[in-house]
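*Asks:* Provide a 3D model corresponding to the input given below.
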Amino acid sequence: MGAYAGRPPEPKLANNLRHLFWECSNAFIADTRYRHDYGLGEIAIPTNPAERHARRKAFKAEREEHCPEIMEGDLEPAFCSEDDLQALFDRDRLEHYLHPADCPKRQQELLVTTARPQARRPKAPGAPAWLTALQQASQQELSVEIPRANVEDGYELDCAFRRRGICFHLVGLIRMPKTEQWRRKLMKALRQVPADPRTMMVPTLTDILACDKHIWLNIVEACIDGIQPSATKWPLEEALELVLKSATIEIMLMVRPKGTVAAGTSERAPEQTQPAQQGATKTKAEKNKDRRNRRKTMKAASKGDGKGNGKVKNTKGKGKGNGKGNKHTYWTGSRSAKKKFVPLPKELIGCEPCDSNGEPFCFGFAKGTCDKAQPGQKCDKGWHKCMKKGCWKNHSFVKHHK
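*Replies:* So this is what the prediction gives:
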């Protein structure tokens, strides 16, 4: 003790402090080695910011002459989509489909309020148990908000395809000319002009996304042995070139008749119709149902009753009753429905045979000869209402307008 007479007494728990310092030093060294030494055979985390920016700056300088707006605004991909492809590159296989909506803009990523966590990785060698538990607890408390790109119109979808192609090029899986060939193949289908727009339709955005997924799945099957390129071989590019030339892709992107489903899709694609009038809320199926009901109603109303209501098999006045020989006709139904003509008796020329909903009027009540229902009610021939244009009140035509 004489040699240590001049030293102050050691604090309490000094050995515990030395042990804690030793554990923290080993954990820091292990984590540093894990982040920067990729020779350990472990899954690499996303690239560091300096390397990422240098790679993007070199790519922009290379492509700026051909595309000045590259890596700016709508064509600057977010870091998260690049990290996702980098993870697939490190695993040497395409494990999941990268949807165009998963390739947002860098501006969207900057507006996210919470940080995006790094890719999950195994426990670093030498890290103490308490440090691993602390990291897991912090990951559970973090609320993740990953931005999604808008692909609801052709322009936004085209930009999403281009951003994904840029990420493929930056990671080193597919070079830019091949990704542009992929994008042009899909977007060209939207600009097709059908020979008869009334009966034919071009592929919709749903068809384009389904075709894009089909191309991805075929590439996955062709590159089952690995996706990392070598000095003489680019597996993804070779598979992509073969898939784009396949007959299935041509069929999925071709013009087809309206109401049919594109090949390779499991759901019915929405038909391209003219814009609906403002305030219309009925779907196409409901409109078709209403049209069929109106046809049935008009067919029932066209049967002769012997009192002037002639049949509508033709418009040459060959019906029964007083309407025989009458050539005056009246068109009913909506503009989108098939045109039908209803012959009117001589006493009712100039009147309307049905209301705005296509419901027929009783010709006998209008002439004052039908008493099967009260005014305002409906008999088997139609409504007992006035047939004068714009009137439609609960009285007969001959008693109030003759």
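
*Asks:* residues contacting stretch 185-193, please?
*Replies:* With CB atoms under 8 Å, 6 or more residues apart in numbering as the test, stretch 185-193 has contacts from 154, 157-158, 161, 202-203, 205, 207-208, 211-212, 244, 249, 253-255. (C-beta placed from N, C-alpha, C; glycine too.)

*Asks:* show me how to select, in PyMOL, the buried members of these.
*Replies:* Buried members of the contacts of stretch 185-193 can be picked out in PyMOL with the line below, counting by 16 or more other CB atoms under 10 Å:
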select buried, resi 157+158+161+202+203+205+207+208+211+212+244+249+253
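
*Asks:* closest to His400 out of the contacts of stretch 185-193?
*Replies:* His400 has its nearest neighbour among the contacts of stretch 185-193 in Val202, at 54.9 Å by CB to CB.

*Asks:* in space, what's closest to the closest one - neighbours in sequence excluded?
*Replies:* Using CB to CB, 6 or more residues apart in numbering and skipping the chain neighbours, the partner closest in space to Val202 is Gln192 (4.7 Å).

*Asks:* circling back: nearest to Gly358, of the contacts of stretch 185-193?
*Replies:* Nearest to Gly358 among the contacts of stretch 185-193: Val202, at 33.0 Å, using CB to CB.

*Asks:* contacts only, for the closest one.
*Replies:* Contacts of Val202 were listed using CB under 8 Å, 6+ apart, and they are 189-194, 255, 272.

*Asks:* picking that back up, and the residue nearest to Val202, how many residues sit next to it?
*Replies:* A count of nearby residues for Gln192, using other CB atoms under 10 Å, gives 13.

*Asks:* before we move on, what about the one 4 residues further on?
*Replies:* Burial of Asp196 is recorded as 9 neighbouring residues (other CB under 10 Å).

*Asks:* quick one: the strands in the protein?
*Replies:* Using DSSP state E, the strands of the chain run over 200-201, 256-257, 329-332, 340-343.

*Asks:* rank these by pLDDT, which is bottom?
*Replies:* Across these, strand 329-332 has the smallest mean pLDDT, namely a mean of 45.

*Asks:* tell me how many other residues crowd His400.
*Replies:* There are 11 residues near His400, going by other CB under 10 Å.

*Asks:* right, and it touches Cys386 too?
*Replies:* Yes - proximity of His400 to Cys386 meets the contact threshold set by CB atoms under 8 Å, at 6.7 Å.

*Asks:* now list whatever residues contact both of the two.
*Replies:* Common neighbours of His400 and Cys386, using CB under 8 Å, 6+ apart, are Lys393.

*Asks:* re the thing from before, how far away is the residue nearest to Val202 from Phe28?
*Replies:* Here Gln192 is placed at a distance of 60 Å from Phe28 (CB to CB, to the nearest Å).

*Asks:* okay, now Asp83: neighbour count?
*Replies:* Under the neighbour criterion other CB under 10 Å, Asp83 is assigned a count of 19.

*Asks:* all further residue positions should be reported with the first residue as 27.
*Replies:* Done: numbering now begins at 27, and the last item shifts to Asp109.

*Asks:* quick one on the thing from earlier: ok, the contacts of stretch 211-219 vs Pro34, which is closest?
*Replies:* Lowest distance from Pro34 to the contacts of stretch 211-219 (CB to CB) belongs to Phe187, with 70.5 Å.

*Asks:* show me the domain layout of the chain.
*Replies:* Using automatic domain parsing, the domains assigned to the chain come out as 70-138+173-219, 322-428.

*Asks:* with distance to Gly252 added, can I get the ones you listed in JSON lines?
*Replies:* Output for the domains of the chain, formatted as JSON lines (distance: least, CB to CB, whole Å):
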{"stretch": "domain 70-138+173-219", "distance to Gly252": "5"}
{"stretch": "domain 322-428", "distance to Gly252": "56"}
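
*Asks:* which of those has the lowest mean pLDDT?
*Replies:* Taking the mean pLDDT of the domains of the chain, domain 322-428 comes last: a mean of 68.

*Asks:* filter the contacts of Val228 to the buried ones?
*Replies:* 215-216.

*Asks:* distance to Ile253 added to the contacts of Val228, as CSV?
*Replies:* As requested, the contacts of Val228 are arranged in CSV below (distance: CB to CB, whole Å):
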residue, distance to Ile253
Ala215, 26
Leu216, 29
Arg217, 31
Gln218, 32
Val219, 38
Pro220, 38
Val281, 34
Gln298, 37
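
*Asks:* surely Trp242 is in contact with Leu120?
*Replies:* Yes - contact criterion CB under 8 Å: Trp242 and Leu120 qualify, at 7.3 Å.

*Asks:* what about the two, which has more around it?
*Replies:* For Trp242 versus Leu120, neighbours defined as other CB under 10 Å are more numerous around Leu120 (20 against 17).
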